[in-house]
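Participant: Coordinates only, no sequence provided:
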């Protein structure tokens, strides 16, 4: 679906009464397009039981398969870009076809994916057929994705199979589209004898790459040009302010005067390394070591 011409991912959640827009997505909208938020919206309990306070509520024009539908949404600090709740689904005659992977709103059909596909970021490739690798040779071998096909623009081979490495067959890194039925993988036999690779043998571990495509400058609208001009006129200090901390300022400034807001931004900027950009940006250290005694339990993620 799209919001003001920008494509976003949305989770259809029949367990959620109201729809929710990520505060990060809201703050990325040009100021001229951001609807004013109503502050009277209570609190929001998310799936893990945590209670969060939304920034507010407003009506947003969601575009689904080319048709614009108005959706009342809370704006809150959630992990995913948007959640489509039951109220919007019922009002717009939502019909889901899990078998075909489609969802319909007021007769307009759009492609949908299982959450397990969307959540998959690490997956494996297995050989699609038996292959005999000549000695000291390089070639492409056909593989297929093991399990659900992950959703993403592109994926990259992150690690070759340790099983193949033991027989002297190395897997090269490459980028590919996860939606391809057969995925060619570069491999090299570095031994002096032929090696037989068998069908369904795991060839590599891969990672989904969430690619972003920049809009061509010639396609920008007058409102976007105006917004970019305002961005260029900002003081240098504002341009360098971290985007992931804008939500702290936005949720706090209603209780502050202008001078206090500037002081808050200065403090946040000075200590920006303390704030994680996302859940994967928590950092690491080698100053403290932690040991977990697993006894005789075998690894469940990957065999040694």
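Facilitator: Everything's here; your move. Fair warning: this is a prediction, and the values are worked out from it, not measured in the lab.

Participant: now the stretch 51-200 of the chain, which segments are flagged as low pLDDT?
Facilitator: 113-121, 148-153 (pLDDT under 70).

Participant: so where do the helices sit in it?
Facilitator: Assigned by DSSP state H, counting those that start in this stretch, the stretch 51-200 of the chain shows helices spanning 86-91, 115-119, 162-166.

Participant: Give me the buried stretch members for the first one, please.
Facilitator: By neighbour count on 16 or more other C-beta atoms under 10 Å, the buried set for helix 86-91 is 86, 88, 89. Every residue, glycine included, has its C-beta placed from N, CA and C.

Participant: my guess is the second one contacts residue 71, does it?
Facilitator: Spelled out, that is residue 88. Yes. Using C-beta atoms under 8 Å, residue 88 is in contact with residue 71, at 5.1 Å.

Participant: Can you work out which residues contact both of the two?
Facilitator: Residues touching both residue 88 and residue 71 by C-beta atoms under 8 Å, 6 or more residues apart in numbering: residue 19.

Participant: quick one on the thing from earlier: which one of the buried residues of helix 86-91 is nearest to residue 291?
Facilitator: The closest of those to residue 291 turns out to be residue 86 (C-beta to C-beta; 46.4 Å).

Participant: Pretty sure the closest one sits against residue 14.
Facilitator: Yes. Judged on C-beta under 8 Å, residue 86 makes contact with residue 14 at a distance of 5.5 Å.

Participant: leaving aside the residues next to it on the chain, what's closest to residue 205?
Facilitator: Leaving aside its chain neighbours, residue 205 sits nearest to residue 159 (4.5 Å; criterion: C-beta to C-beta, 6 or more residues apart in numbering).

Participant: so what's the one you found up against?
Facilitator: Applying C-beta under 8 Å, 6+ apart to residue 159 gives the contacts 171, 204, 205.

Participant: Take those and keep only those in strands.
Facilitator: Among the contacts of residue 159, DSSP state E puts 171, 204, 205 in strands.

Participant: Could I get the residues you listed in JSON lines, plus columns for neighbour count?
Facilitator: Shown next, in JSON lines, are these (neighbours: other C-beta atoms under 10 Å):
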{"residue": "171", "neighbour count": "21"}
{"residue": "204", "neighbour count": "24"}
{"residue": "205", "neighbour count": "18"}
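
Participant: quick check, nearest of those residues to residue 275?
Facilitator: Closest approach between the ones in strands among the contacts of residue 159 and residue 275, by C-beta to C-beta: residue 205, at 31.0 Å.

Participant: Identify the bridge partners of the closest one.
Facilitator: Beta bridges link residue 205 to residue 124, residue 159, judged by DSSP bridges.

Participant: my read: it touches residue 126, true?
Facilitator: No. If you go by C-beta under 8 Å, residue 205 and residue 126 don't touch, sitting 11.1 Å apart.

Participant: For residue 169, which residues count as its bridge partners?
Facilitator: With DSSP bridges as the rule, residue 169 is bridged to residue 189.

Participant: ok, how many other residues are close to it?
Facilitator: By the measure other C-beta atoms under 10 Å, the count of residues near residue 169 is 23.

Participant: Report the contact partners of it.
Facilitator: Neighbour list for residue 169: 133, 187, 188, 189, 190, 191, 195, 197 [criterion: C-beta under 8 Å, 6+ apart].

Participant: can you pick the most crowded of these?
Facilitator: Neighbour count (other C-beta under 10 Å) singles out residue 187 as the most crowded of the contacts of residue 169, with 25 neighbours.

Participant: Run through the residues that contact that one.
Facilitator: 133, 138-141, 160, 164, 169-172, 197, 203.

Participant: cool, and residue 272?
Facilitator: Each residue near residue 272 by C-beta under 8 Å, 6+ apart is listed here: 242, 245.
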